[in-house]
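Student: Give me a 3D structure for the following:
(2 chains)
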There are 2 protein chains.
Amino acid sequence: MLHSAPSNAAPQDVTRTLARYVVNARVEDLPQPVLDHAVRTFLNWLGCAVGSCNHEAVDIAIRALAPFSGAAQASVLGRGERVDIFSAALFNGISSHVFDFDDTHLKTVIHPAGPVASAIFALVEHRPVSGVEFLHALALGVEVECRIGNAVYPNHYDVGWHITGSTGSFGAAAAAGKLLGLNEQQMTWALGIAASQPVGLREQFGTMTKSFHPGRAAQNGLTAALLASQGYTSSEQSIEAKRGWANVTSTKQDYREITEGLGERHESLLNSYKPFACGIVIHPSIDGCIQLRNEHRLSADMITSIHLKVHPLVLELTGKRTPKVGLEGKFSVFHSAAVAIIDGRAGENQYSDAAVLDPQTIRLRDSVEATVDPSIAADSVHITVRLADGRTLEKFIEHAIGSKDRPMDNDDLAVKFMDLVTPTLGADRAEQLLNACWALPRAADLSLLTELSRPSA
Amino acid sequence: MLHSAPSNAAPQDVTRTLARYVVNARVEDLPQPVLDHAVRTFLNWLGCAVGSCNHEAVDIAIRALAPFSGAAQASVLGRGERVDIFSAALFNGISSHVFDFDDTHLKTVIHPAGPVASAIFALVEHRPVSGVEFLHALALGVEVECRIGNAVYPNHYDVGWHITGSTGSFGAAAAAGKLLGLNEQQMTWALGIAASQPVGLREQFGTMTKSFHPGRAAQNGLTAALLASQGYTSSEQSIEAKRGWANVTSTKQDYREITEGLGERHESLLNSYKPFACGIVIHPSIDGCIQLRNEHRLSADMITSIHLKVHPLVLELTGKRTPKVGLEGKFSVFHSAAVAIIDGRAGENQYSDAAVLDPQTIRLRDSVEATVDPSIAADSVHITVRLADGRTLEKFIEHAIGSKDRPMDNDDLAVKFMDLVTPTLGADRAEQLLNACWALPRAADLSLLTELSRPSA
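Tutor: Sure thing, here's the model as predicted:
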């Protein structure tokens, strides 16, 4: 982006301006597209959290920390446990991120829902609000995170902050503070207390601590909002002061990204969703293979070879020829193309240990070749499939599903949700939960959603 | 410090080396001076926490967060409440710091006990250990914090991190992990999970959030150790990696400060204690006035004038002529000299709102003059007192009490402790608690201490 003034222009009440916006925002003024997008953000978060709720990282965190939990105030999604709101925020935050399948604000690579939704979903089970109030707070929290992220990205990310956790405390504080009814002074303090608690190093990528980041950020924001609600004071320039958050955690500060166009430009509308449970560089190949499969009713035994012309990053990041465990499959464009043809999808099931060792998948995978073509864009691919009957099929994907130019629509999100949630809750309950998500803007509270997100008795 | 190699020499297993040291350290090998110093560190922490336990910041934090606390596992010092270990760690961490009267590692300005003692005092009420095991863990936690602080100071502090909170998560994780019996792998993970949670901006100084920092750091370290104990994974190079803690939070990294001389050079021995409840630049003046008072049995009405020749920073930082509220008194060398003469001390009581408005104190304060003399060192003062009977008294303080060259001895610490604790618990119980602190190295557990640190029924 080009700006006429230097990017480090003297800030004016950045924290207070942001606090004032969140406090004064009225649900009646919420544009319909922002509300609709908040539903999608919530639905995607919920699907990820329920789908991953039995992951080892969640089990370990519960085993380690539940003995210190308070009263049964909030639910651990997809599981039977009920714990205090802070514990629920942590456990749900971990599970929402552990499949790396959550939402992405592509400008900053923030995964916005994890910290925000995990904080307020726990809060509203304890302190009920209407569906639309919940969604409004979610949209505001996402807005706060992404705007603060914009102000410091890319330097903040480049130095090593896992920006989801380092901005997530703000988003969670803003959203929780909104639902707690904080006034401007209290909201300013809440953002200040959040500012003192950035979470997350990129060095943790590949370990369970990566998923801890959004969970802890959710707890931090919730803590900040609750403390501020009772008058716990902080700096009132915690973001922009000389020794405030932006200067301490970044060498770039563009405060206009935070304060300009509030209520007019909605960063939350830029939140996107991943259709496939792997790095986005493989998504065009998967998308194209699924389309070819569906258009031509392909099965593995019909295929002689698959050739992919890909962007250079694809082989650099995901060129693993022979994955041995499920996680390695996520770094194999060959495995991904094979499961896309065979199953017509690439969800977490397609990246299990069993999936990468399946003989039919291995046979098809071995017939996949990929060559780099610098003229292919990052969200594009050119696929050539040769069939045993002599035919040759071609497919050019200009913009992969889930990319900025071709976002997932509601039907796509529903398929993803069902894929994620069915193994945990069964298809019937998953469908009911999905419907409850779509109905959330008209719900009096979130009790039905909460009930349906537990395993049936 | 001068080093032969560049300060950013390639690190070798910094995190693991530190973890291994903490895991393998045996209580039998603990040098007596380190153990003795750990007793002092603990006693000073306990006195501060009990003395400040009814501060507004503690009241607010309890009001905001206790509704979400778990089972009655640990005590809030000086008060009746019992809460889960995480809540106790936070509340005691806040109260230990809120008077700005806690310990200081002068090389880094870390206040080491707050994060570490707050974490493990809560833990051992839930999982008892012997007094010497507790003190050993405390010394190790302080060692870890201060060594990590040394590696990044001053750049890390200069950019704006409140180094007590940003290194405190490590200290608390190490100490709690030691008491939980973590092995080397688990301790490496615990330090890693702590690395993702630095707390605290200097921008918060002057607000309640400053005191939140050591409390939150205590919780962060405790969380990290408990997660790691159950196998929650993190990076194994979380401190030294390219996108690890030291590179993300500082432009200086000297890893030898962390790894060299472990078990031989003890940073924890450099921990010092403040004799007076105000900034250290005023301490020489207070020290000298108390000495003159005691040597000459001075009272306010005997005095015509007091003249202080001081280091330049004294008037820059504490030149407030007419304090109106207690907190401003801490920034008035004039008020401080007056109360030192009148009361013979400068504890929290001497900085109450009532104290700065006391007519006798104001009269004496108005007779105090201070002039800057660049030849006076920061821990020195030259005092001239003129008496109504015509005598002139002089006192040169070369090294103020509490400075590196004249540390507080056990008797000084006992006086400070009694001053802090008596208003909360009464003199008898304060004395019993003091004796229990001195006896801690021989105690089978901390139950007597915990019992005595509550108000009597």
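Student: just checking, A:A71 touches A:D84?
Tutor: Yes - using Cβ atoms under 8 Å, A:A71 is in contact with A:D84, at 6.0 Å. Heads up, the C-betas are built off the backbone N, CA and C, glycines and all.
Student: what is in contact with these two at once?
Tutor: B:F68, B:G70 (Cβ atoms under 8 Å, 6 or more residues apart in numbering or on different chains).
Student: more neighbours, those two?
Tutor: Comparing A:A71 with A:D84 by other Cβ atoms under 10 Å in any protein chain shown, the one with more neighbours is A:D84, at 22 against 15.
Student: partner residues bridging the closest residue to that one other than its chain neighbours?
Tutor: The shortest distance from A:D84 to any non-neighbouring residue, by Cβ to Cβ, 6 or more residues apart in numbering or on different chains, is to A:G70 (3.3 Å). Residues in a beta bridge with A:G70, per DSSP bridges, are B:G70.
Student: which residue does the stretch 201-350 of chain A bring closest to chain B?
Tutor: Nearest residue of the stretch 201-350 of chain A to chain B (Cβ to the nearest Cβ) works out as A:R243 at 3.1 Å.
Student: mind checking the SS state of that residue?
Tutor: Under DSSP: H, G, I helix; E, B strand; the rest coil, A:R243 falls in the coil class.
Student: Within its local environment, how many residues does it see?
Tutor: The number of residues packed near A:R243 is 20, by other Cβ under 10 Å.
Student: Same check on A:D301?
Tutor: 9.
Student: Not counting its neighbours along the chain, what's nearest A:A172?
Tutor: Nearest to A:A172 is A:G221, by Cβ to Cβ, 6+ apart, at 2.3 Å.
Student: the inter-axis angle of whichever strand or helix holds that neighbour versus helix B:209-229?
Tutor: According to DSSP states H and E, A:G221 maps onto helix A:209-229. With axes from the mean of the first three to the mean of the last three Cα atoms, to 10 degrees as the basis, helix A:209-229 and helix B:209-229 are set at 150 degrees to each other.
Student: what mean pLDDT does helix A:209-229 have?
Tutor: Taken as a whole, helix A:209-229 carries a mean pLDDT of 98.
Student: Same check on stretch A:356-370?
Tutor: 97.
Student: circling back to that earlier point, residues in contact with the residue of the stretch 201-350 of chain A closest to chain B?
Tutor: With Cβ under 8 Å, 6+ apart, A:R243 has these contacts: B:V159, B:G160, B:L201, B:R202, B:E203.
Student: what do you get for A:S305?
Tutor: Contacts of A:S305 by Cβ under 8 Å, 6+ apart are A:S367, A:V368, A:E369, A:V385, A:R386.
Student: Serialize the residues you listed to JSON lines and add fields for distance to B:E394, secondary structure and neighbour count.
Tutor: Below are these laid out as JSON lines (distance: Cβ to Cβ, whole Å; DSSP: H, G, I helix; E, B strand; the rest coil; neighbours: other Cβ atoms under 10 Å in any protein chain shown):
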{"residue": "A:S367", "distance to B:E394": "96", "secondary structure": "coil", "neighbour count": "18"}
{"residue": "A:V368", "distance to B:E394": "91", "secondary structure": "strand", "neighbour count": "24"}
{"residue": "A:E369", "distance to B:E394": "92", "secondary structure": "strand", "neighbour count": "13"}
{"residue": "A:V385", "distance to B:E394": "98", "secondary structure": "strand", "neighbour count": "26"}
{"residue": "A:R386", "distance to B:E394": "102", "secondary structure": "strand", "neighbour count": "15"}
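Student: Once you drop chain neighbours, what's closest to A:E236?
Tutor: Using Cβ to Cβ, 6+ apart, the nearest residue to A:E236 is A:T188, at 5.1 Å.
Student: How many residues are close by that neighbour?
Tutor: 27.
Student: Surely it touches A:R16?
Tutor: Yes - assessed by Cβ under 8 Å, A:T188 is found in contact with A:R16 at 5.2 Å.
Student: Mind listing what's buried along stretch A:78-86?
Tutor: For stretch A:78-86, burial by neighbour count (16 or more other Cβ atoms under 10 Å in any protein chain shown) applies to A:G78, A:R79, A:E81, A:R82, A:V83, A:D84, A:I85, A:F86.
Student: I figured the fifth one was touching A:P67, is that so?
Tutor: In other words, A:V83. No - taking Cβ under 8 Å as the definition, A:V83 is not a contact partner of A:P67, at 10.6 Å.
Student: Quick check: A:A355 touching A:R365?
Tutor: No - assessed by Cβ under 8 Å, A:A355 is found out of contact with A:R365, at 10.6 Å.
Student: Identify the contacts common to those two.
Tutor: Joint contacts of A:A355 and A:R365 (Cβ under 8 Å, 6+ apart) are A:H335.
Student: okay, those two: which has more neighbours?
Tutor: A:R365 (26 against 20).
Student: Tell me who's in contact with that one.
Tutor: By Cβ under 8 Å, 6+ apart, the contact list for A:R365 reads A:S332, A:F334, A:H335, A:A337, A:A338.
Student: And A:C146, by the same measure?
Tutor: So A:C146 contacts A:H105, A:K107, A:T108, A:I110, A:P112, A:T167, A:E267, A:S268, A:L270, A:N271 (Cβ under 8 Å, 6+ apart).
Student: I figured the fourth one was touching A:G165, is that so?
Tutor: If I follow you right, that is A:I110. No - here A:I110 lies out of contact with A:G165, judged by Cβ under 8 Å, at a distance of 9.5 Å.
Student: and the gap between A:A89 and chain B?
Tutor: 10 Å (Cβ to the nearest Cβ, to the nearest Å).
Student: What of A:D36?
Tutor: From A:D36 across to chain B, the span is 33 Å (Cβ to the nearest Cβ).
Student: Check which residues of the helix or strand where that residue lies are buried.
Tutor: Using DSSP H and E, A:D36 sits in helix A:32-51. Buried residues in helix A:32-51, counted by 16+ other Cβ under 10 Å: A:34-35, A:37-51.
Student: And for stretch A:240-249?
Tutor: Judged by neighbour count using 16+ other Cβ under 10 Å, the buried positions of stretch A:240-249 are A:E240, A:A241, A:R243, A:G244, A:W245, A:A246, A:N247, A:V248, A:T249.
Student: Quick one: the residues you listed as a markdown table, columns for pLDDT too.
Tutor: Putting these into a markdown table (pLDDT from 0 to 100) gives the following:
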| residue | pLDDT |
| --- | --- |
| A:E240 | 97 |
| A:A241 | 96 |
| A:R243 | 95 |
| A:G244 | 97 |
| A:W245 | 98 |
| A:A246 | 98 |
| A:N247 | 98 |
| A:V248 | 98 |
| A:T249 | 98 |
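Student: And the pLDDT at A:L313?
Tutor: pLDDT at A:L313 comes out at 88.
Student: give the contact list for the closest residue to it other than its chain neighbours.
Tutor: Nearest non-adjacent residue to A:L313, counting by Cβ to Cβ, 6+ apart: A:V281, 5.0 Å away. A:V281 sits next to A:H311, A:L313, A:V314, A:L317, A:T318, A:V333, A:A378 when contact means Cβ under 8 Å, 6+ apart.
Student: now the residue nearest to A:V50 when sequence neighbours are not counted, what's its secondary structure?
Tutor: Closest residue to A:V50 apart from its sequence neighbours, by Cβ to Cβ, 6+ apart: A:G78 at 3.9 Å. What three-state DSSP gives for A:G78 is coil.
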